[in-house]
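[1] Structure of the sequence below:
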Amino acid sequence: MVGQVLRDIFQPHASKTELERFAFRLGLNLQAGIDLYQALKRETASHYRSVMRNHIRAISDRISQGDTLYEALRRCGDFFPPIFVELVGVGELTGRLPETLSALAAHYREAKSRTRAFVSAIFFPLTELVIGLAIVGLFILVFGELAASRGIEADPLGFGLLGRWGFVQYVLILLVFAGCIYLGVRAFRAGVQWIWPLQKFLLRIPFVGGATETLLLGHVAWALSRTLDSGMDVLQAVRLAFRSTNHGHYLESLPTVLESLRDGNSLAESLRKSRAFPDFFLETVENGEISGQLPEALDHLAAQLYEQAAHAWKQLSVVAGWVIWALIAGILIFFIFRLASFYLGALGVI
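    Presented below is the predicted three-dimensional model:
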């Protein structure tokens, strides 16, 4: 059980940076008239992680043996996102592979830009938090050593952490805490089933939930737009769009939507039965179906949602920065009062 959970979390996947670079360079080479096999051989010499280069090399070998790019990508297992693989397959069938790769590159470039903007906004406050925690660790080590050298038994922080052993314990606590955060982030990104309840709970948190839902709705709208515009079967399009989110809120409702579609209901009605989508999203889908321009309507909606999500996450990053500042201030205030209390107690004032 534990082994399966760890495999789900740590199974290697292509990063957004690698997907954007691979799709952009491959599409550019194909547009320039370079043969697919030669274009892939060029990519094996590019700056990727070793696991990515190995997959590209395997894809190149399969192309030389007569496989299509779609077939070669599928043989890579779950390393490439399903929607990436399927859209490439549709691009090959329709003769629009370079254009499809360019569109995928643009999509992952925008996703990478949103992530970078959020991380850059909270980087400095996080750095200050790390420095603050390091200062606490140095205090535990230095004060404990000084107290021990003078034969004084004192615990000004009240944690029972003093000297070298106290410092080691403190570092271990921080490492365990950081490890739990890292595992949680990996599990969220992988969308493993046991993390679904927590994913859905976070959607109910004010502001954070709204920003996250807007971004996820943008993913669904974009994926549906691309898959439906390619002529893909609606069942497969919905399946890929929902799975592209890696989020329990949509993955849990997927069977309901698919069953409704198999019963002959429209996409708008099937999405409404899942109760996972807001009214404006359903109205856009319904209007698109009536007008016969569903892919275009969804593409326009995705652009609007991504813009709203970028604005919301920018505000969220500011809030996260202030939360971190407040945490740092709280730590400092706590230690100031603890040290003052210890000092005054030593003087017999309290």
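
[2] mind listing what Leu305 touches?
    By CB atoms under 8 Å, 6 or more residues apart in numbering, the contact set of Leu305 is Thr214, Leu215, Leu217, Gly218, Ala221. Using the backbone N, CA and C atoms, a C-beta is placed for each residue, glycine as well.

[3] State the distance from the residue lying closest to the fourth one once chain neighbours are set aside to Glu269.
    Put plainly, it is Gly218. Leaving out its chain neighbours, the residue that sits closest to Gly218 by CB to CB, 6 or more residues apart in numbering is Leu305, at 3.5 Å. For Leu305, the distance to Glu269 equals 21 Å [CB to CB, to the nearest Å].

[4] again with Thr245
    Thr245 is 21 Å from Glu269, where distance means CB to CB.

[5] And for Phe207?
    Phe207 is 31 Å from Glu269, by CB to CB.

[6] More neighbours: which of those two?
    Neighbour count, other CB atoms under 10 Å: between Phe207 and Glu269, Glu269 has more, with 17 against 11.

[7] so after whichever strand or helix holds that one, what's the next helix or strand?
    Taking DSSP states H and E as the definition, Glu269 sits inside helix 267-274. Using DSSP H and E, the helix or strand that follows helix 267-274 in sequence is helix 279-291.

[8] got the contact list for that next one?
    So helix 279-291 is contacted by 217, 221, 266-268, 271-272, 294-298, 301 (CB under 8 Å, 6+ apart).

[9] Same check on stretch 37-44?
    22, 25-26, 29-30, 34, 53, 56-57, 59-60, 63-64.

[10] give me that answer again for 6 Å
    Stretch 37-44 is contacted from outside by Leu26, Asn29, Arg53, Ile56, Arg57, Ile59, Ser60, Ile63, Ser64, using CB atoms under 6 Å, 6 or more residues apart in numbering.

[11] Equivalent analysis for stretch 84-94, please.
    With CB under 6 Å, 6+ apart as the test, stretch 84-94 has contacts from Thr68, Leu69, Tyr70, Leu73, Arg74, Leu97, Thr100, Arg226, Ser230, Leu240.

[12] Farthest-apart pair in those, please.
    Pairwise distances among the contacts of stretch 84-94 were taken by CB to CB; the largest, 19.1 Å, belongs to Thr68 and Arg226.

[13] ok, the two, which is more surrounded?
    Shown here are Thr68 and Arg226; by other CB under 10 Å, Arg226 has more neighbours (26 against 16).

[14] which residues touch the more buried one?
    Applying CB under 6 Å, 6+ apart, we find Arg226 in contact with Leu87.

[15] following the helix or strand containing it, which helix or strand shows up next?
    Using DSSP H and E, Arg226 maps to helix 208-229. Later in the chain than helix 208-229, the nearest helix or strand by DSSP H and E is helix 234-243.

[16] Residues in contact with the helix or strand following that following helix: which ones?
    Per DSSP H and E, the first helix or strand lying C-terminal to helix 234-243 is helix 248-251. By CB under 6 Å, 6+ apart, the list of residues contacting helix 248-251 from outside reads Trp196, Gln199, Lys200, Leu203, Phe242, Ala276.

[17] Below-threshold pLDDT in the stretch 1-150 of the chain: ranges please.
    By pLDDT under 70, the low-scoring segments of the stretch 1-150 of the chain are 1-10, 147-148, 150.

[18] so what's the residue most central in space within the chain closest to, chain neighbours aside?
    Residue closest to the average C-alpha location in the chain (CA atoms, centre = their mean): Arg189, at 4.6 Å. Nearest non-adjacent residue to Arg189, counting by CB to CB, 6+ apart: Asn246, 6.6 Å away.
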